[in-house]
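Asks: okay, predicted coordinates and the sequence, questions at the end:
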Amino acid sequence: MVEELTIPTTNRVMVDFNQMKSFGQDPLILERGEGIRVFDVFGKSYIDGLSGVFTTNLGHGVQALVDVAAEQGRQIAFTAPTMATNPAALRLADLLIEITPEQYTTVKFFTGGSEATEAAIKMARQYHLQRGHGRKFKVISRYLGYHGGTGFAIAASGQTEWKWRFDPLPGGVIHVQPPARPGCAACKRLDGCTLACLDLIEDAIVREHPETVAAVIAEPIMLAAGVQMPPEEYFPRLREICDQYNVVLIHDEIITGFGRTGRLFASERVGAWPDIICCGKGISGGYAPLSAILVADKIASAFWGEPDEGVQFWAGHTFGGNPVSCAVGEAAIRMLLDNDLIGNAERVGEHLANRLREVAATQPAIGEIRGVGMLRGVAFHEPIGKAVYDAARRRGLLLRGGADFVGVAPPLVTTPTEADEIAGIVADAVAEVVA
Ligand SMILES: Cc1ncc(COP(=O)(O)O)c(C=O)c1O
């Protein structure tokens, strides 16, 4: 007798950005993972071609990280961030300071990316206040960017679909055009890149009045915008502009940090370091909720004073600096460094890109292969990204489906053979969609 397969109801759970009704008709319910593969409750296996969401950088089922979490939990699982810290948080802070350029002296921990970007914006405002520039409050960010779902973070984000329902959002955010292909809005009527998008940032600072502008927040490589690489000159010049007008530069490295781009941080890739680095997702390999901001001394020193001055940073969250998260974070970063997984991301990422370029060469629906390291995008001429996502999922590969692109970002432990398998499924999925 054939055993009847019952589909568990998902009606009581809201899955991010998915319509509950249709999700429940074809749910993705993952119960196990091993290496770069995950397995659903129906027994189907998938390649985790997006590392969860750019998070499971070390792959699934890493027992050593689970053991670290268990051991830390046995010792102490929670310390109140309002009155204490813990050895695990101190060790992780030391490690982060040790592996980043010397200007970063101070770390603040959180549990998710939005808390980190939210805090970075607050910190930029409070910094200026404490340095005698209390009118500097505006934030410049880019259309198509994504910085998270909380108040300032969603206000700074530039994806209309994800924010308009919540209007009015916190004020003081000025959006400018990002460098984005094809037909970059800033200079689309000209033949090539004129870096007009950068001029727009300087123009915005000047027209808003530099004495009102606190910060620029930017992802070094814009994922939600379609895996957009900036022109080479963009970030070094942006750094100069921020210095010129006393504006705090915040890099949102929630996706790009911790080896994803074949460097520890994409700031290195794009040739400029910010005043505040926001990190999340891959920092713990997904084995515990963890995020952080790494703060340059120039900013951090404004928060150092006597108790009655009240210059401490006035933002915090209950699970920030959680000992279990921090212990796992330290172990995950050491694993990343000790096993040269950043080098692997560079090498296998290039291999994957070459395979995807071969697919593109024979598939006219594909416009270009974008990205760097293990952060790649397959851009289409038509808005078939969602359909390609569906077709790939049916074939056992999970991707990110944008309107006219799919994001491909497998764990940093991916082998060349596994990269070939991913490219093969992408090829078949696109062929099915365009057929
Ligand atoms: C670039 C970027 N910044 C911030 C966030 C927000 O992070 P979280 O969802 O962990 O709050 C995300 C999430 O996808 C992101 O991609």
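Replies: Yep, it's here. Residues are numbered from 1 along each chain as shown.
Asks: from A120, how far out is the residue in the stretch 201-350 of the chain that the ligand sits nearest to?
Replies: Closest approach between the stretch 201-350 of the chain and the ligand, counting by CB to the nearest ligand atom: I254, at 3.6 Å. Every C-beta, even on glycine, is put in place using the N, C-alpha and C of the backbone. According to CB to CB, to the nearest Å, I254 stands 11 Å off from A120.
Asks: who's in contact with the top helix by length along the chain?
Replies: For the chain, the helix with the greatest residue count under DSSP state H is helix 341-362. Residues outside helix 341-362 that contact it (CB atoms under 8 Å, 6 or more residues apart in numbering): 57-58, 259-264, 335-336, 366-369, 371-376, 378, 408, 410, 412-416, 419-420, 422-423, 426-427, 430.
Asks: please write out the alpha-carbon positions of that helix in PDB.
Replies: C-alpha atoms of helix 341-362 as PDB (Å, rounded to 0.1, in the frame of the first residue of the first chain):
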ATOM      1  CA  LEU A 341      37.500  29.600   2.900                       C
ATOM      2  CA  ILE A 342      37.900  33.200   1.700                       C
ATOM      3  CA  GLY A 343      40.500  31.900  -0.800                       C
ATOM      4  CA  ASN A 344      38.000  29.100  -1.800                       C
ATOM      5  CA  ALA A 345      35.300  31.700  -2.300                       C
ATOM      6  CA  GLU A 346      37.600  33.600  -4.700                       C
ATOM      7  CA  ARG A 347      38.800  30.500  -6.600                       C
ATOM      8  CA  VAL A 348      35.500  28.500  -6.800                       C
ATOM      9  CA  GLY A 349      33.600  31.700  -7.200                       C
ATOM     10  CA  GLU A 350      35.600  32.500 -10.400                       C
ATOM     11  CA  HIS A 351      35.100  28.900 -11.500                       C
ATOM     12  CA  LEU A 352      31.400  29.200 -11.000                       C
ATOM     13  CA  ALA A 353      31.300  32.500 -12.900                       C
ATOM     14  CA  ASN A 354      33.200  30.900 -15.800                       C
ATOM     15  CA  ARG A 355      30.700  28.100 -16.000                       C
ATOM     16  CA  LEU A 356      27.800  30.600 -15.800                       C
ATOM     17  CA  ARG A 357      29.500  32.600 -18.600                       C
ATOM     18  CA  GLU A 358      29.600  29.500 -20.700                       C
ATOM     19  CA  VAL A 359      25.900  29.100 -20.100                       C
ATOM     20  CA  ALA A 360      25.300  32.700 -21.000                       C
ATOM     21  CA  ALA A 361      27.300  32.300 -24.300                       C
ATOM     22  CA  THR A 362      24.700  29.800 -25.500                       C
END
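Asks: what comes up buried for it?
Replies: By neighbour count with 16 or more other CB atoms under 10 Å, helix 341-362 contains the buried residues 341-342, 344-353, 355-356, 359-360.
Asks: what about stretch 235-254, average pLDDT?
Replies: Stretch 235-254 carries an average pLDDT of 98.
Asks: mind checking how far it is from the chain centre?
Replies: Mean-position distance between stretch 235-254 and its chain equals 18 Å (CA atoms, centre = their mean, to the nearest Å).
Asks: and that stretch, end to end?
Replies: Using CA to CA, to the nearest Å, one end of stretch 235-254 lies 17 Å from the other.
Asks: same check, this time on stretch 168-188
Replies: With CA to CA as the measure, the first residue of stretch 168-188 is 31 Å from its last.
Asks: mind listing residues that contact it?
Replies: Under the criterion CB under 8 Å, 6+ apart, residues 137-145, 151-152, 154-156, 158, 163, 193-197, 199-201, 204, 208, 213, 218, 222, 225-226, 228, 230-231, 234, 367-368, 370, 379 lie in contact with stretch 168-188.
Asks: what about the closest residue to the ligand within the chain, distance to A88?
Replies: Here the residue of the chain nearest the ligand is G113; by CB to the nearest ligand atom that distance is 2.2 Å. As judged by CB to CB, G113 and A88 stand 20 Å apart.
Asks: quick one, which of these two is more surrounded?
Replies: G113 (28 against 24; other CB atoms under 10 Å).
Asks: P101: what secondary structure?
Replies: Secondary structure for P101, judged by DSSP: H, G, I helix; E, B strand; the rest coil, is coil.
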